[in-house]
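Participant: task: produce atomic coordinates for the following.
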Amino acid sequence: MLSCHYIQKGGLFTRPNLPIDSLVALLKRALSQALSRFPPLAGRLKTDSDGYIYVTCNDAGAGFIHKNAAKLFIREILAPLHVPEIVKNFFAFDRTISHDGHCKPLLTVQVTELADGVFISCAVNHAVTDGTSFWNFFNTFAELSRGMNKISKQPRFFSRLSVDFAGGFENSPTVDSR
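Facilitator: Model prediction:
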């Protein structure tokens with residue numbers, strides 16, 4: 001999976017009833033809380049002297065980007081002719097391969113402010129998570145962003161069986177992040 005691109009998912013929302021600075025602060029706080037449940041996403045990839053690649057849970061940090069595209073309206077994003085070109089700018093790591101997780105964050109959230117809305121995206125290293133684990137993280141992040149004090153009772157598993165976790169996860173290919 002090291003040659004695969006980062007997984008990229010996002011959501012388009014109408015402008016919330018709070019200032020953008022407050023929204024960004026709320027999302028940063030929720031991201032921090034979500035990462036405490038999914039600690040490998042705050043690490044980096046590391047290749048040891050034998051050539052094995054690990055996730056080092058070193059708190060190097062996830063990425064968080066706030067961009068302003070306030071001249072762009074939701075209706076323009078939804079216009080079928082313009083979607084690919086416009087939307088790929090809403091993701092931090094478009095066309096980035098997972099091997100780059102040695103020097104780039106394993107996860108980056110990007111908040112793009114629009115004239116009448118906001119686009120919130122996540123890009124996550126595909127060598128570290130699969131689609132199910134990614135959605136478990138994204139749903140946890142969303143619940144925390146909505147201010148839900150009690151996270152869903154649905155088990156939140158984080159795994160990628162092909163990666164060995166270093167920095168506390170060496171002997172456990174699956175991390176139960178409940």
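Participant: how near is residue 117 to residue 147?
Facilitator: In this view, residue 117 and residue 147 are 20 Å apart by Cβ to Cβ, to the nearest Å. Using the backbone N, CA and C atoms, a C-beta is placed for each residue, glycine as well.
Participant: comparing those two, which shows the higher neighbour count?
Facilitator: Under the criterion of other Cβ atoms under 10 Å, the comparison of residue 117 against residue 147 puts residue 117 first, with 18 against 9.
Participant: residues contacting that one?
Facilitator: By Cβ atoms under 8 Å, 6 or more residues apart in numbering, the contact set of residue 117 is 12-15, 73-74.
Participant: mind running it again at 7 Å?
Facilitator: Listed by Cβ atoms under 7 Å, 6 or more residues apart in numbering, the contact set of residue 117 reads 12-15, 74.
Participant: which secondary structure element contains residue 127?
Facilitator: Assigned by DSSP states H and E, residue 127 belongs to neither a helix nor a strand.
Participant: quick one: list the elements packing against the longest helix along the chain.
Facilitator: Looking across the chain with DSSP state H, the single longest helix is helix 20-37. Applying 3 or more Cβ pairs under 7 Å, 6 or more residues apart in numbering; DSSP states H and E, we find helix 20-37 packed against strand 63-69, strand 107-114, helix 131-145.
Participant: host element of the spatially most central residue of the chain?
Facilitator: Geometric centre of the chain, nearest residue: residue 122, 3.6 Å, by Cα atoms, centre = their mean. In this structure, residue 122 sits in strand 117-124 according to DSSP H and E.
Participant: now that strand - C-alpha only, PDB.
Facilitator: Only the C-alpha atoms of strand 117-124 are listed here, as PDB (Å, rounded to 0.1, in the frame of the first residue of the first chain):
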ATOM      1  CA  GLY A 117     -20.500  27.100   3.200                       C
ATOM      2  CA  VAL A 118     -17.500  25.100   4.200                       C
ATOM      3  CA  PHE A 119     -15.800  22.000   2.800                       C
ATOM      4  CA  ILE A 120     -14.100  19.700   5.400                       C
ATOM      5  CA  SER A 121     -11.800  17.000   4.100                       C
ATOM      6  CA  CYS A 122      -9.600  14.400   5.500                       C
ATOM      7  CA  ALA A 123      -6.600  12.800   3.800                       C
ATOM      8  CA  VAL A 124      -5.200   9.700   5.400                       C
END
